[in-house]
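Undergrad: sequence and predicted structure are below.
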Amino acid sequence: MKMKYITRLRPHRVVQDQDGLDEKNGDGCCWADLPPELMREVLLRIEASESSWPPRRSVVACAGVCRSWRQIIKEIVKVPEISGMLTFPISVKQPGPRDFPIYCFIKRNRSTQTYYLYLGLTSALSDDGKFLLAARKFKRPTWTDYIISLCTDDMSKGSSAYVGKLRSNFLGTKFTIFDGKPPHPGAKMTRSCSSKLVSLKQVSPRISFGNYPVARISYELNTLGTRGPRKMECIMDAIPATAIEPEGMAPTQTEFSLFNMDSLPSTPLFHSKATPPQNNISGPLNDKRDGALVLRNKAPRWHEQLQCWCLNFHGRVTVASVKNFQLVASPGSRPASPEHEKIILQFGKVGKDFFSMDYRYPISAFQAFAICISSFDTRIACE
């Protein structure tokens, strides 16, 4: 079976994660009438043969043929933790693989204050990559927001492409990562104060919007002005500290499901300049939630010959910068184990406005991207 015939069935269809968005006659095509055993065998072979991008777009095309095909593809395609591959948009919200990192890179556009995250197609630092996420900076009088989206030209929080946001305080020393969807059952959405109360129903009946805090990032103030590497700490409120253990588990989102509008409180979409939204970025550095995973930057060593601080990035970073860092899990009050030595996220400069980002379990591409963006925003007070 030639994939070119499959991809021509619905050339203009956008594959969604929701079964409820099917076309009314989506299962009426001839492809849906194939015997289930034959259909599964065909899709299994396609999924196994297209293990990297750009050929992996064939797997996504199969999911857009009809509901029956999509259901089988969703059963066949494994999450990145198991497969090590990013296939559907929801993959950016799912934890990376346990045994190896996923290679990504970030491009910065200074004129538009926009950042683009790409999946590396090879281990080299020069490939074109596959676009994953975009983030744009929005400056406010007392805080700064970075809106993160699946689309490069739609940075609206009311868009279906909205993934989440990163918010910093005035000094750029404390940040909060907000997910646009509940990261796990029972997650609470933060409420905001506003002089313009606009409910979700007033904007759009199918809006995809929410503010669920999933992580806090703190940079230690350099009050003495001494030269040296930054010190940062990430409290992953949505990930338990036990997730890094061999039998541990991290929350995994399975779809970009639409909200039930009747079950949500009336939440304002616009904030007055006089009243900043309520958030939890002003707490002290050691204000941790019990049981949450805590990440700290790996301390560099001083190189006597080079007269600089050094970290081993294994060839993934080529330019010295105060923004470069590696994050490992903090053991806290528990005894350290080999799991606490594994680098969960590393970020570093490769060239002008070009940076590498490698992440692994238990964090997702979205969380890793937001943490790296915070490194761009930090002020001189932290350096």
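TA: Cool, got the structure.

Undergrad: let me see the mean pLDDT of stretch 185-195.
TA: The average pLDDT within stretch 185-195 is 60.

Undergrad: tell me where the stretch 101-250 of the chain has helices.
TA: Counting by DSSP state H, counting those that start in this stretch, the stretch 101-250 of the chain has helices at residues 200-203.

Undergrad: where in it is pLDDT low?
TA: Scanning the stretch 101-250 of the chain for pLDDT under 70 picks out the ranges 191-209, 222-229.

Undergrad: all strands for it, in order.
TA: In the stretch 101-250 of the chain, the segments counted as strands under DSSP state E, counting those that start in this stretch are 102-109, 114-119, 130-139, 144-149, 162-168, 174-179, 212-219, 232-240.

Undergrad: with mean neighbour count and distance to Phe366 as extra columns, can I get those in CSV?
TA: Glycine gets a C-beta too; all of them are placed from N, C-alpha and C. As requested, these are exported to CSV (neighbours: other C-beta atoms under 10 Å; distance: least, C-beta to C-beta, whole Å):
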stretch, mean neighbour count, distance to Phe366
strand 102-109, 20, 11
strand 114-119, 20, 9
strand 130-139, 18, 7
strand 144-149, 22, 7
strand 162-168, 24, 6
strand 174-179, 25, 8
strand 212-219, 23, 9
strand 232-240, 23, 11
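
Undergrad: so which of the ones you listed is nearest Met189?
TA: Shortest distance between Met189 and these, using C-beta to C-beta, is found for strand 212-219: 5.5 Å.

Undergrad: just to revisit the earlier point, got CSV for the strands of the stretch 101-250 of the chain, with distance to Val92 too?
TA: Formatted as CSV, the strands of the stretch 101-250 of the chain follow (distance: least, C-beta to C-beta, whole Å):
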stretch, distance to Val92
strand 102-109, 10
strand 114-119, 8
strand 130-139, 6
strand 144-149, 9
strand 162-168, 7
strand 174-179, 11
strand 212-219, 13
strand 232-240, 15
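
Undergrad: right, and those - which one's nearest Gly332?
TA: Using C-beta to C-beta, the strands of the stretch 101-250 of the chain put strand 232-240 closest to Gly332, at 11.0 Å.

Undergrad: could you say what helices and strands the closest one packs with?
TA: With contacts taken as 3 or more C-beta pairs under 8 Å, 6 or more residues apart in numbering; DSSP states H and E, strand 232-240 sits against strand 212-219, strand 292-297, strand 325-329, helix 365-377.

Undergrad: do that again at 7 Å, thanks
TA: When contacts are defined as 3 or more C-beta pairs under 7 Å, 6 or more residues apart in numbering; DSSP states H and E, strand 232-240 packs onto strand 212-219, strand 292-297.

Undergrad: I'd like those as CSV, with distance to Asp237 appended.
TA: Output for the helices and strands packed on strand 232-240, formatted as CSV (distance: least, C-beta to C-beta, whole Å):
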stretch, distance to Asp237
strand 212-219, 6
strand 292-297, 5
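
Undergrad: which one of those lies closest to Pro89?
TA: Comparing the helices and strands packed on strand 232-240 by C-beta to C-beta, strand 212-219 comes nearest, at 17.6 Å.

Undergrad: residues contacting that closest one, please?
TA: For strand 212-219, contacts defined as C-beta atoms under 7 Å, 6 or more residues apart in numbering pick out 173-179, 181-183, 187, 189-190, 230, 232-238, 280-281, 285, 367, 371, 374, 378, 382.

Undergrad: let's go with 6 Å and repeat that
TA: Strand 212-219 has contacts (C-beta atoms under 6 Å, 6 or more residues apart in numbering) with 173-179, 182-183, 187, 189-190, 230, 232-238, 285, 374, 378, 382.

Undergrad: kindly report the same for stretch 70-89.
TA: With C-beta under 6 Å, 6+ apart, stretch 70-89 has contacts from 40, 43, 47, 59, 62-63, 91, 94-97, 119, 150, 361.

Undergrad: would you mind measuring the gap between the ends of that stretch?
TA: 14 Å (C-alpha to C-alpha, to the nearest Å).

Undergrad: check which residues of it are buried.
TA: Within stretch 70-89, the residues scored as buried using 16 or more other C-beta atoms under 10 Å are 70, 72-73, 76-77, 79-81, 84-89.

Undergrad: how far does it sit from its chain's centre?
TA: 16 Å (C-alpha atoms, centre = their mean, to the nearest Å).

Undergrad: how close does Leu327 get to Leu295?
TA: 4 Å (C-beta to C-beta, to the nearest Å).

Undergrad: with neighbour numbers in mind, choose between these two.
TA: Leu295 (25 against 22; other C-beta atoms under 10 Å).

Undergrad: pretty sure Glu81 is in a helix, no?
TA: Yes: assessed by DSSP: H, G, I helix; E, B strand; the rest coil, Glu81 belongs to a helix.

Undergrad: for the residue lying closest to it once chain neighbours are set aside, report the pLDDT, please.
TA: Once flanking residues are discounted, Glu81 sits nearest to Pro95: 5.0 Å by C-beta to C-beta, 6 or more residues apart in numbering. At Pro95, the predicted lDDT confidence score is 96.
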